[in-house]
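*Asks:* quick check, what structure comes out for this input:
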Amino acid sequence: MSNANNKPRIALFGVGSLGGDQSGEGIPVIADLFSRLSEQYDIVYYSFTRVRKDNIPTNIVVRQIIAMKFPWRLKYLILFFHALADHIQNRFTLLFSVSVYPSGLFSLVLGKLINRPVLVQLIASEATRIKDVSVQLVIPWRRFITKFVCKHADRLITVADYQRTLAVTSLPTTRHIDVLPLRINVNDFVYRKRKIEYPVHFIQVGFYGIVKDQDTMFKAFAKVATQIDCHLTVVGYGFDNVKVNAMLTELGVENKVTRVGFVPRAKLHEYYDRAHILLHTARFETGCAVIQEAMASGVAVCGTNVGILADLGNQYANIVEPQSTDELAAEILRLVHDQHRYDSITRTARDWIKQHDARYAYLNYLNFLDGISGRKK
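*Replies:* Purely as a prediction, here's the structure:
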């Protein structure tokens with residue numbers, strides 16, 4: 001059967017990319033992108049984990065793995081055959097996968113079966129080799145799948161130049177990789193020009209884990225706290241645990257750190273509004289929505305030379321190498337004591353993100369997809 005409204009159809013595969021996560025927000029920058037694309041394309045979303053359909057635009061059709069207690073691989077196969085049946089009923093123009101496994105593998109097999117182009121977007125550290133950070137190229141069967149998918153996908157996409165460079169050397173590969181960044185909607189955040197005042201308010205947003213390396217952040221903050229009056233607010237999952245409790249006590253900053261847990265994205269602006277500086281000490285990043293949100297809010301960024309910060313450089317933030325506690329503490333103090341530098345990077349960052357926001361990303365992806373699908377504008 002053909003598509004009655006003549007809009008090209010995209011089969012979108014992901015693991016909770018839309019409507020997923022504990023919050024039901026999925027990955028907000030991807031949710032925003034496909035919400036915009038759904039005006040030009042018919043989109044059927046196949047999720048390899050359960051999602052909240054009420055958080056997904058109604059013009060995107062949602063298929064997800066069944067809730068019954070079947071083995072995961074069987075659930076994946078059922079979803080695969082559902083996608084195949086959907087194609088037989090109303091043919092897809094192309095298949096778009098967010099990440100490598102399981103979405104990338106199953107979309108690749110389906111694409112070869114129905115002779116449709118398969119686009120695979122690397123959203124995180126799937127194709128990188130960083131100790132303790134990524135398992136995709138370490139565990140043998142995951143390494144095989146990752147290399148297979150990255151080799152045979154019709155188009156391979158990263159969302160940052162930094163990420164692309166690591167993928168080329170880690171896979172390794174000589175194939176062409178497209179770089180199509182994901183961006184936030186700046187209208188969701190309120191810009192405010194601010195002056196450094198005491199106590200200096202720091203903020204950190206993200207889940208607690210090895211990749212984000214908040215241990216380095218806590219240690220650097222403790223050094224800073226011996227020099228100036230300051231406070232750190234930590235937003236995100238996973239910080240209320242024995243390890244973090246013991247670290248904060250040992251560092252002597254347990255009364256200078258507030259852990260608020262998960263905050264819905266719609267309320268994040270309230271926390272940015274109170275902050276002077278975002279601390280972001282990740283060992284790996286891609287586009288990092290958190291940094292973009294800080295830029296949009298007028299909050300200065302002190303972070304590590306990965307992802308978007310590696311792509312942009314120190315015109316937009318104060319940057320150190322990963323796991324550099326002393327250097328990070330020194331860089332924070334330099335920024336605190338230099339209002340001119342603070343004004344410069346916050347203004348420059350705000351101007352940049354306004355020009356490279358969610359609409360900018362949408363237009364890039366739309367042009368890219370149109371070139372593959374042949375959609376008539």
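
*Asks:* and W72, how many neighbours?
*Replies:* Close neighbours of W72, defined as other C-beta atoms under 10 Å, add up to 11. Where you see a C-beta, it was placed from the backbone N, CA and C, and this is true even at glycine.

*Asks:* distance-wise, check it relative to L182.
*Replies:* Applying C-beta to C-beta, to the nearest Å, the value for W72 to L182 is 27 Å.

*Asks:* now swap in L156 and tell me
*Replies:* L156 is 16 Å from L182, by C-beta to C-beta.

*Asks:* for the residue nearest the centre of the chain, grab phi and psi.
*Replies:* Closest residue to the average C-alpha location of the chain: C288 at 5.2 Å, with C-alpha atoms, centre = their mean. In this entry, C288 is assigned phi and psi values of phi 50, psi 90 (degrees, to the nearest 10).

*Asks:* next one: the one 5 residues further on
*Replies:* According to degrees, to the nearest 10, the main-chain angles of E293 amount to phi -60, psi -40.

*Asks:* what about the helix or strand harbouring G111, distance to the chain center?
*Replies:* In the assignment (DSSP states H and E), G111 maps to helix 103-114. Here helix 103-114 is found 24 Å from its chain centre; the criterion is C-alpha atoms, centre = their mean, to the nearest Å.

*Asks:* show me what it is packed up against.
*Replies:* strand 9-14, helix 72-89, strand 94-98, strand 118-122, helix 140-152 (3 or more C-beta pairs under 8 Å, 6 or more residues apart in numbering; DSSP states H and E).

*Asks:* before we move on, what SS does the nearest residue to S170 once chain neighbours are set aside have?
*Replies:* Nearest in space to S170, with sequence neighbours left out and distances taken as C-beta to C-beta, 6 or more residues apart in numbering, is R129 at 4.3 Å. Per DSSP: H, G, I helix; E, B strand; the rest coil, the secondary structure class of R129 is coil.

*Asks:* so R129 sits against R143, correct?
*Replies:* No - contact criterion C-beta atoms under 8 Å: R129 and R143 do not qualify, at 9.7 Å.

*Asks:* give the residues shared as contacts by the two.
*Replies:* By C-beta atoms under 8 Å, 6 or more residues apart in numbering, R129 and R143 have these common neighbours: L137.

*Asks:* count of neighbours near the residue lying closest to F262 once chain neighbours are set aside?
*Replies:* Ranked by C-beta to C-beta, 6+ apart and with sequence neighbours excluded, the top spatial neighbour of F262 is Y237, at 5.5 Å. Residues near Y237, counting by other C-beta under 10 Å, number 14.

*Asks:* the one 10 residues further on too?
*Replies:* By other C-beta under 10 Å, 18 other residues sit near M247.

*Asks:* got it, and the one 3 residues further on?
*Replies:* E250 is flanked by 12 other residues according to other C-beta under 10 Å.

*Asks:* which pLDDT value goes with M1?
*Replies:* Model confidence at M1, given as pLDDT, is 45.

*Asks:* again with Q292
*Replies:* 98.

*Asks:* where's it relative to L166, distance?
*Replies:* In terms of C-beta to C-beta, Q292 sits 20 Å off from L166.

*Asks:* neighbour count: the two, which is higher?
*Replies:* Q292 (26 against 23).

*Asks:* residue contacts, that one?
*Replies:* R183, I184, I308, I353.

*Asks:* confirm the second one sits in a strand?
*Replies:* Okay, so that is I184. No - applying three-state DSSP, one finds I184 to be coil, outside a strand.

*Asks:* show me what contacts it?
*Replies:* So I184 contacts P28, V29, D32, A289, Q292, E293, A296, I353, D357, A358 (C-beta under 8 Å, 6+ apart).

*Asks:* relative to D213, which of the helices and strands packed on helix 103-114 is closest?
*Replies:* strand 118-122 (20.7 Å; C-beta to C-beta).

*Asks:* now do that closest one against strand 9-14, angle only.
*Replies:* Calculated by axes from the mean of the first three to the mean of the last three C-alpha atoms, to 10 degrees, strand 118-122 forms an angle of 30 degrees with strand 9-14.

*Asks:* strand 118-122 - which strands sit beside it in the sheet, and in what orientation?
*Replies:* strand 94-98 (parallel), strand 155-158 (parallel) (DSSP bridges).
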